[in-house]
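[1] here is the input, now give the coordinates:
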Amino acid sequence: MSAFGGFLFAFGMPRAAQIGHQQLLPQFFTPLAFLFAWNFIKKPTNRRFIPFLSFTYLQILASIYLGWLFLFSLLIFFPVAFSLSQKARVDAVSYFKSHYQVAIASLLVWFALLFLLLNPYLEIGKVVGYRSFSSVSQMLPRLVSWLTPPEGSPWLVLLAPLSKDLPMMGEHRLFMGLTIVLLTGFVAHLVITKSSLLEPDRRLLIKACLITSLVIFVLSLSLFDYSLWELVYTVVPGAKAIRAVARICLFFYFYLLIGVLLGLDSFLRMTIAQKKSRIALICAVCLLGMSEQIILNPYSFEKAPLINREAELQELMSQGCDVAYVFTSEKKLNWIEQTSAMWAGMRTNIPIVNGYSGWTPRSYNYVVERQGFPGLIKWLQGRFQGRLCYISEKTEPRPLGWVLPDRQAVSSVGNFKLSVFQIPLSRSTQKSERLNP
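    Numbering: from 1, shown residues only. The predicted model follows:
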């Protein structure tokens, strides 16, 4: 049963639907951190508390998006678990009283490392600002989001009409399959009516996980254009940086799978004495649930052209650039071109003016995108002094209305050509430097 849960966690349809967002793939520290968290709740010790903090930090380090969502889920799971067990509360208080020096030292180190990791994000937030809740609300799950499978799923033929009016469709494909829906209903009934038959530790874990998943579901749900997530967005630190809230489904299913599959395993152990019969039934459930995860023609692309493009841009940026701007045609998929520019800039350690990002500085969009190259020069003046590398495709005509200043050098590599321009300090900046030497 644990193998079935691990398969759905790693390869289920909701994760496959987000395969293009690679920042959502490295979630391997979540199960380890949760294992130590649960063991700590059962019996608090230093050997469980410190690894819990360590693996939680590593999950944040592996993916800021997943790390924040994991921390948010723990803010729900711990209060739920401790509220369900008086013994767990007493043991936790006793641990922190008797080991307060180790606990405080560990937390201080953890918070210090966390601050060093997150401080650049806090600083950039001051520059680019935060998204409005109206932009976030488009990516809050609706009820039909949980019945929306990814492209290529056999379920799509049947369920597609339900989700035809969803905004930002790519972020609402949260369906895990009918097997999990039915098992959830069955185990919820089991816990409500026959929870006394479960072992105490299992009963606590199953209830805590099911309630945590329910709270996540309710908090993130948008119903009749209203959502409790607006309170989370306003109150919880870091929530304003989370745009695609529907991705919290990865943690909703993490807790749900633990609760449901542990509950099912306990029920089968209670009701089916013969091991072979129990294994046969488990295999049938696993095969049924796994077969639902099949996706025909999954999202894929040939990586060689992108690697070559990145290498060409990287070679050009290495030719004495202080900062680079990569022009891409509006006729092409802009984000693909910009992603190549972003990777080339990171590999050469050259700042990229445009690149690819989910957000931009407040003054950038209007000045650069609407005024073109003259707007870019205007935007850079006062912010930057040095060699600007303007990179475009060889066959790309000069955009209408772009008057290029005198260029210092021109070269080309592969499909791209490079023009280098010297950006002087603006007069206002020069005056400021004379007044403030």
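
[2] can we go C-alpha only for contacts and neighbour counts from here?
    OK.

[3] so which residues of the stretch 1-150 of the chain form helices?
    Defined through DSSP state H, counting those that start in this stretch, the helices belonging to the stretch 1-150 of the chain, from first to last, are 2-11, 13-16, 29-42, 46-62, 64-84, 86-98, 100-128, 133-137.

[4] tell me which helix or strand A324 sits in.
    A324 belongs to strand 323-326 when elements are defined using DSSP states H and E.

[5] CA atoms of that strand as CSV?
    What follows is the C-alpha trace of strand 323-326 in CSV, where atoms were taken according to Å, rounded to 0.1, in the frame of the first residue of the first chain:
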residue,chain,number,x,y,z
VAL,A,323,24.5,43.4,-19.1
ALA,A,324,22.6,41.8,-21.9
TYR,A,325,19.2,42.3,-23.6
VAL,A,326,17.9,39.5,-25.9
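
[6] what does it contact?
    Under the contact criterion CA atoms under 8 Å, 6 or more residues apart in numbering, strand 323-326 has outside partners 317, 338, 341, 345, 350-355, 386-392.

[7] quick check: ChimeraX command selecting the buried ones in the residues you listed.
    Buried members of the contacts of strand 323-326 can be picked out in ChimeraX with the line below, counting by 16 or more other CA atoms under 10 Å:
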select :317,338,341,345,350,351,352,353,354,355,387,388,389,390,391,392
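
[8] re the thing from before, now do the strand holding A324: distance to the chain's middle.
    Put simply, strand 323-326 sits 27 Å off its chain's centre (CA atoms, centre = their mean, to the nearest Å).

[9] can you name the next helix or strand after that strand?
    Towards the C-terminus, the helix or strand next in line after strand 323-326, according to DSSP H and E, is helix 334-348.

[10] show me what that following helix is packed against.
    Where contact means 3 or more CA pairs under 8 Å, 6 or more residues apart in numbering; DSSP states H and E, helix 334-348 is packed against helix 304-317, strand 323-326.

[11] most tightly surrounded among the helices of the stretch 1-150 of the chain?
    Mean neighbour counts were taken over those using mean count of other CA atoms under 10 Å, and the top value, a mean of 24, falls to helix 13-16.

[12] hang on, G320 packs against R387?
    Yes: the criterion here is CA atoms under 8 Å, and G320 meets it with R387 at 7.5 Å.

[13] and the angle for the helix or strand encompassing S412 with helix 304-317?
    In this structure, S412 sits in strand 409-413 according to DSSP H and E. For the pair strand 409-413 and helix 304-317, the angle between their directions (axes from the mean of the first three to the mean of the last three CA atoms, to 10 degrees) equals 160 degrees.

[14] list the strands paired with strand 409-413, with their directions.
    Partner strands for strand 409-413, per DSSP bridges, with pairing direction: strand 416-423 (antiparallel).

[15] I216 touches F252, doesn't it?
    Yes: I216 is within contact range of F252, at 6.2 Å (criterion: CA under 8 Å).

[16] who's in contact with I294?
    Remark: with contacts taken as CA under 8 Å, 6+ apart, I294 is in contact with 13, 153-154.

[17] and if we set it to 10 Å?
    With contacts defined as CA atoms under 10 Å, 6 or more residues apart in numbering, I294 is in contact with 11-13, 16, 152-155.

[18] over to it. Which of the three states is it?
    Assigned with DSSP: H, G, I helix; E, B strand; the rest coil, I294 falls in the coil class.

[19] distance of it from V245?
    Look at I294 and V245: by CA to CA, to the nearest Å, they are 25 Å apart.

[20] A3 too?
    From A3 over to V245 the distance is 28 Å, taken as CA to CA.

[21] ok, now Y121?
    From Y121 over to V245 the distance is 18 Å, taken as CA to CA.

[22] next, format the helices of the stretch 1-150 of the chain as a markdown table and append distance to S412 and mean pLDDT.
    A markdown table is the format used below for the helices of the stretch 1-150 of the chain (distance: least, CA to CA, whole Å; pLDDT from 0 to 100):
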| stretch | distance to S412 | mean pLDDT |
| --- | --- | --- |
| helix 2-11 | 43 | 92 |
| helix 13-16 | 39 | 92 |
| helix 29-42 | 44 | 96 |
| helix 46-62 | 37 | 96 |
| helix 64-84 | 37 | 95 |
| helix 86-98 | 64 | 94 |
| helix 100-128 | 33 | 89 |
| helix 133-137 | 40 | 89 |
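
[23] what's the closest of the ones you listed to L380?
    Shortest separation from L380 across the helices of the stretch 1-150 of the chain is recorded for helix 100-128, at 15.0 Å, computed as CA to CA.

[24] tell me where the model's unsure across the stretch 201-350 of the chain.
    Filtered on pLDDT under 70, the stretch 201-350 of the chain yields the residue ranges 329-334.

[25] okay, which residue is most central for the protein?
    Centroid-nearest residue in the chain: Y65, 3.4 Å away (criterion: CA atoms, centre = their mean).
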